[in-house]
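Visitor: Mind folding the following:
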Amino acid sequence: MTDRRRFLASGLAAGSLLAIGPVFAHGDAPHAARNAPAAEKVQQPWGIAGERRRVDRSIAIAMSDDMRFSPDRIEVRRGETIRFVHSNRGQVMHEMVIGTPASLDEHAALMEKFPGMEHDDPWMAHVAPGGSGEMIWHFNRAGEFEFACLIPGHYQAGMKGRLVVK
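Guide: Numbers count the residues shown, from 1 in each chain. So this is what the prediction gives:
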C-alpha cells in the first residue's frame, strides 16, 4: 500500500471512529497500548523500523511548548540504527514524526481534519507532558528528510527539524 493510500485509509478510519464516539490519540489517554503486537516493518523512503539489539547510538531529543525540537538538525549515516530518546519539557502533548516534506504536509492536513486520529507507526513517537519516550529507526536510505510534531497548530508554528542521512 502506498503512503498516500495508507494516510487516506487512516483518515477514513478515523472519520468513521469519530462518528461512533471519541477517540483519544493526543489527549490524556495513552496513545497506543504498550502490550500491543509489534507493528509490521514497512520500508519507507526514510528507512525502516529498527531493532533494539542493533542500535548504533542514541540521540536525545527535547520537545518544548515554544514549538521547537532540540536539536532541530540531525545527521546520521546510511546503515545506522538510531534510538531517539524523547523528553517533553512542556505542558502539552508533543510528537516526533519522521518523513518527507510531502508526507509530513499530507499527514498534518489529515491531523487538522481529524484531530482525534489514532496512529502508531514506528516512525512516530508521542510524548505526554513532562514525559519521555523513544523510537528506534534504521536509516537504510540516504537523503534529506524532516521530523515534525503534527499535532494541530504545532507543525504550523514551526515545530520541525531536518534529518540528513549521508
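
Visitor: burial measure for E80, as a count.
Guide: E80 is flanked by 18 other residues according to other C-beta atoms under 10 Å. Every residue, glycine included, has its C-beta placed from N, CA and C.

Visitor: Quick one, grab the pLDDT at it.
Guide: In this prediction, E80 carries a pLDDT score of 98.

Visitor: surely it meets I59?
Guide: No. E80 is beyond contact range of I59, at 10.1 Å (criterion: C-beta atoms under 8 Å).

Visitor: quick one: common contacting residues for these two?
Guide: Residues touching both E80 and I59 by C-beta atoms under 8 Å, 6 or more residues apart in numbering: none at all.

Visitor: ok, now how distant is F69 from R53?
Guide: 27 Å (C-beta to C-beta, to the nearest Å).

Visitor: T100 too?
Guide: Separation of T100 from R53 (C-beta to C-beta): 28 Å.

Visitor: quick one, which of those two is more surrounded?
Guide: A side-by-side neighbour count of T100 and R53, using other C-beta under 10 Å, places T100 first with 16 against 7.
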